[in-house]
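Trainee: This is a predicted model, with the sequence first.
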Amino acid sequence: MDGTQWIIFFLIIQLIHGLATWKLYIKAGRKAWEAFVPVYNAVILMKIINREWYWTILLFLPIVNLIMFPVIWVETARSFGKNSRLDTILAIVTLGFYNFYLNYVAEVNYVEDRSLKARTSAGDWISSILFAVVAATIVHTYLIQPFVIPSSSLEKTLLVGDFLFVSKFHYGARVPMTTVALPMVHDSIPKTKMKSYLFDDKYEERNTSWKNKLQLPYMRLPGFQNITRNEIVVFNQPADTLLDMNDFTPDRNYYKPIDKKTNLVKRCVGIPGDNLELREGHVYINGEKNVLPDRARLQFFYKVKTSGDIRTLFNKYEITESSANETYYIENKYLDDPKIKDFISASTDVSLNIIKRDSLRTEVSGRLNQRFFNRLKMSVANTNYIGNMTEELAAKVAKDPTVISVEKVNSETPDSRLFPQDSEYSFTADNFGPIYIPKKGESLDLTIKNFPLYKRVIGEYERNTITSRGNQILINGEVATSYTFKQDYYWMMGDNRQNSIDSRYWGFVPFDHVVGKPVLVWMSFDTIKKKVRWDRLFTTVHGTGKTTSYLIPVLILIAGIVGFNRFRKRKKK
């Protein structure tokens, strides 16, 4: 629903509340009209049920209010003497419409000084758990969210198995858009394939399903800083169509709400208004090479030839990401055949990169299947050992007495999987662009040439209908020669340059997809060695110089708080 529709819906709910409770307000010594005034009626109701004023705020926080509404329905019934288990069940299963029975049929009296203490130990436990969930949901949604590094795209900078605290308030907490969902659960219910939220994920029904009408428009609380270039950012993957964020081979594509798309963490190497380009894996902004913070550790693939054992060499230098791949010879008469060229360009499982060529044959690398290999009478040329390392480490490995050569891998063959997935753009993973990153309020001249770059931004992210007709571009049915962007966009990439799925594959990241800023590694577990990385506990994500663990100061602080609380309790006794 849009803003107007939500206002109408809100007023209808207020009317229903007034009709269901106005007599109860009178019995509690209030005026009947107070039951009908939006927001004010909630403040008065909190006084009637003898609860704190801030409960009113909780009623209007998405997700949190799903917990609070049943509590208010039960508390209202109990404030008028309806304390039995049956009354509690009826208040909940009727979604609050039990109040109509209390208001018009039942003979009830207001209990002014009712005890708020649970009558049983079970009730006390339920109340404690309920409000612990409410408090945790508020913190998780609007302040700090825990996050675990799932992949190696920032390896050496952030490690697989790092547990982060992500600040929501730096850039401004985003109000949940999905209004009906389980608290503190993201994409799916753990250990199941069930969605954790109410939403129709069929693309063709995204605008018509009643479930999707419950979505709130995008809103964000004020932040105190903007995203700056080279900051590490957590965001929702903009092109995500996965049923489960841990299953990257779904049976079909799923249309997902923004706040339920897969959470990713990358480095923001391009900000709104930048002209960005990649040359041999390095980012250039407005023609100048991007200078990363000193804690950033760029990694690239290097081909390594050694006279010794390759495993021993990689273990010696702690190269954790490595592979062995083959290059192949293919006769030029096959490679130059137009039919074979067309087959390769259209195929999803065959992609060849030319390494070198002579008069008879060409050496290639890339993806291919056995059938293709056999039919074109290909043969193995060389077996290459690839190690993923920083430039500093590569220079060190090259000096090893057993190493013959170390050569940086640089992709030169266009990859059809790369953004904008258009044959007019011959981008590679290492040589990409230049492209302009859209900035809110700035206009861009639209041409058929740049149409593929900004089609998704204008159509999907800014909710317009955009098509091309000949040399013309039509936005919402009208010919357009320029477009003014409604929000800021960013370019997110991994420091692990040749082993990262990032903006090179799905393009620009809109600001409404930004989740927050990672600020602290509170836990780190090495999934390979199966041990805690003690030196990474309580280290800051950003900053300069060598990372420092604040584990000891944190433990001293916790011990001090525990000791102070015990001392205070003894003093009271």
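Mentor: Sure, I can see it.
Trainee: is it true that T262 touches T241?
Mentor: No - in this structure, T262 is not within contact of T241 by Cβ atoms under 8 Å, at 9.8 Å. Backbone N, C-alpha and C define where each C-beta goes, glycine included.
Trainee: Give me the more crowded residue out of these two.
Mentor: More crowded of T262 and T241, by other Cβ atoms under 10 Å: T262, with 20 against 15.
Trainee: Now the more buried one: phi and psi?
Mentor: phi -60, psi 130 (degrees, to the nearest 10).
Trainee: again with the one 10 residues further on
Mentor: Per-residue torsions, P272: phi -50, psi 130 (degrees, to the nearest 10).
Trainee: Next, find the distance separating it from N263.
Mentor: 22 Å (Cβ to Cβ, to the nearest Å).
Trainee: With R456 instead?
Mentor: Following Cβ to Cβ, the distance that separates R456 from N263 is 20 Å.
Trainee: try E462
Mentor: Taken as Cβ to Cβ, the span from E462 to N263 is 22 Å.
Trainee: Quick one: the strands in the stretch 51-200 of the chain, in order.
Mentor: Per DSSP state E, counting those that start in this stretch, the stretch 51-200 of the chain carries strands over the ranges 144-148, 162-167.
Trainee: Show me which of those strands has the highest average neighbour count.
Mentor: Ranked by mean neighbour count, the strands of the stretch 51-200 of the chain are led by strand 162-167 with a mean of 21 (mean count of other Cβ atoms under 10 Å).
Trainee: packing partners for the lengthiest helix in the chain?
Mentor: Scanning the chain for the helix with the most residues, using DSSP state H, yields helix 3-27. If you count contacts as 3 or more Cβ pairs under 8 Å, 6 or more residues apart in numbering; DSSP states H and E, helix 3-27 packs onto helix 40-48, helix 98-104.
Trainee: Reformat those as a markdown table; add mean neighbour count and mean pLDDT.
Mentor: Putting the helices and strands packed on helix 3-27 into a markdown table (neighbours: other Cβ atoms under 10 Å; pLDDT from 0 to 100) gives the following:
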| stretch | mean neighbour count | mean pLDDT |
| --- | --- | --- |
| helix 40-48 | 18 | 93 |
| helix 98-104 | 19 | 92 |
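Trainee: Quick one: those as a markdown table, columns for distance to I330 too.
Mentor: Listed next are those as a markdown table, based on distance: least, Cβ to Cβ, whole Å:
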| stretch | distance to I330 |
| --- | --- |
| helix 40-48 | 73 |
| helix 98-104 | 76 |
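Trainee: Relative to A480, which of these is closest?
Mentor: Across the helices and strands packed on helix 3-27, A480 has its closest neighbour in helix 40-48 (45.6 Å, Cβ to Cβ).
Trainee: Taking helix 3-27 as reference, get the angle to the closest one.
Mentor: Our comparison of helix 40-48 with helix 3-27, counting by axes from the mean of the first three to the mean of the last three Cα atoms, to 10 degrees, yields an angle of 40 degrees.
Trainee: Please tell me how far the residue sitting furthest away from the middle of the chain sits from Y101.
Mentor: If you look at how far each residue of the chain sits from its centre, by Cα atoms, centre = their mean, the farthest one is E107, at 51.9 Å. Noted for E107: a distance of 11 Å to Y101, by Cβ to Cβ.
Trainee: Between the two ends of stretch 284-294, how far is it?
Mentor: Stretch 284-294 stretches 17 Å from its first residue to its last (Cα to Cα, to the nearest Å).
Trainee: Measure how buried the closest residue to Y436 other than its chain neighbours is and give me the count.
Mentor: Take Y436 and drop its neighbours on the chain: the residue closest to it by Cβ to Cβ, 6 or more residues apart in numbering is N275, 5.5 Å away. N275 is flanked by 14 other residues according to other Cβ under 10 Å.
Trainee: CA atoms of stretch 503-518 as PDB?
Mentor: Taking Å, rounded to 0.1, in the frame of the first residue of the first chain, the C-alpha atoms of stretch 503-518 are listed here in PDB:
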ATOM      1  CA  SER A 503      28.100  -5.100  -8.100                       C
ATOM      2  CA  ARG A 504      30.000  -6.300 -11.100                       C
ATOM      3  CA  TYR A 505      27.300  -9.000 -11.400                       C
ATOM      4  CA  TRP A 506      24.100  -7.200 -10.300                       C
ATOM      5  CA  GLY A 507      24.900  -3.500 -10.600                       C
ATOM      6  CA  PHE A 508      24.000  -0.600  -8.400                       C
ATOM      7  CA  VAL A 509      22.900  -0.800  -4.800                       C
ATOM      8  CA  PRO A 510      20.000   1.600  -4.000                       C
ATOM      9  CA  PHE A 511      20.200   3.400  -0.600                       C
ATOM     10  CA  ASP A 512      16.800   1.800   0.400                       C
ATOM     11  CA  HIS A 513      18.700  -1.500   0.300                       C
ATOM     12  CA  VAL A 514      21.300  -0.400   2.900                       C
ATOM     13  CA  VAL A 515      21.000  -2.200   6.200                       C
ATOM     14  CA  GLY A 516      23.800  -0.600   8.300                       C
ATOM     15  CA  LYS A 517      27.500  -0.200   9.100                       C
ATOM     16  CA  PRO A 518      29.500  -3.100  10.700                       C
END
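Trainee: in it, what counts as buried?
Mentor: Neighbour counts over stretch 503-518 (16 or more other Cβ atoms under 10 Å) mark 503-504, 506-518 as buried.
Trainee: Let me see the residues that make contact with the longest helix of the chain.
Mentor: 1, 31-38, 41, 44-45, 48, 76, 80, 96-97, 99-100, 102-104, 108-110, 213, 216-217 (Cβ atoms under 8 Å, 6 or more residues apart in numbering).
Trainee: Other residues contacting the longest strand anywhere in the chain?
Mentor: Secondary structure of the chain per DSSP state E: the longest strand is strand 514-526. If you take Cβ under 8 Å, 6+ apart as the criterion, strand 514-526 is touched by 145-147, 158-159, 161-171, 173-174, 227, 231-236, 263, 265, 490, 531-533, 536-542.
Trainee: just to revisit the earlier point, looking at the buried residues of stretch 503-518, spot the one nearest S405.
Mentor: Nearest to S405 among the buried residues of stretch 503-518: R504, at 27.9 Å, using Cβ to Cβ.
Trainee: wouldn't that closest one be in contact with R417 here?
Mentor: No - contact criterion Cβ under 8 Å: R504 and R417 do not qualify, at 9.1 Å.
Trainee: that older thread, of the buried residues of stretch 503-518, just say which sits nearest to E407.
Mentor: Distance to E407, by Cβ to Cβ, is smallest for R504 among the buried residues of stretch 503-518, at 22.3 Å.
Trainee: Can I take it that that closest one is in a helix?
Mentor: Yes - according to DSSP: H, G, I helix; E, B strand; the rest coil, R504 belongs to a helix.
Trainee: who's in contact with it?
Mentor: By Cβ under 8 Å, 6+ apart, R504 lies in contact with 278, 418-419, 427, 429, 432, 493.
Trainee: L335 is in contact with L360, correct?
Mentor: No - between L360 and L335 there is no contact under Cβ under 8 Å: 11.0 Å.
Trainee: who has more neighbours, the two?
Mentor: L335 (18 against 9).
Trainee: if we can go back for a sec, which residues sit against whatever helix or strand comes next after the longest strand of the chain?
Mentor: Going down the chain from strand 514-526, the next helix or strand is strand 531-532, by DSSP states H and E. With contacts defined as Cβ under 8 Å, 6+ apart, strand 531-532 is touched by 523-526.
Trainee: swap the cut-off to 10 Å and go again
Mentor: Strand 531-532 is contacted by residues 161, 523-526 when judged by Cβ atoms under 10 Å, 6 or more residues apart in numbering.
Trainee: what separates it from the chain centre, distance-wise?
Mentor: Relative to its chain's centre, strand 531-532 lies at 26 Å (Cα atoms, centre = their mean, to the nearest Å).
Trainee: pLDDT averaged over that strand - what is it?
Mentor: Mean per-residue pLDDT for strand 531-532: 90.
Trainee: Which residues are in contact with G270?
Mentor: Going by Cβ under 10 Å, 6+ apart, G270 touches 229-230, 276-277, 283, 285, 290, 433, 435-437, 489-493, 503, 508-509.
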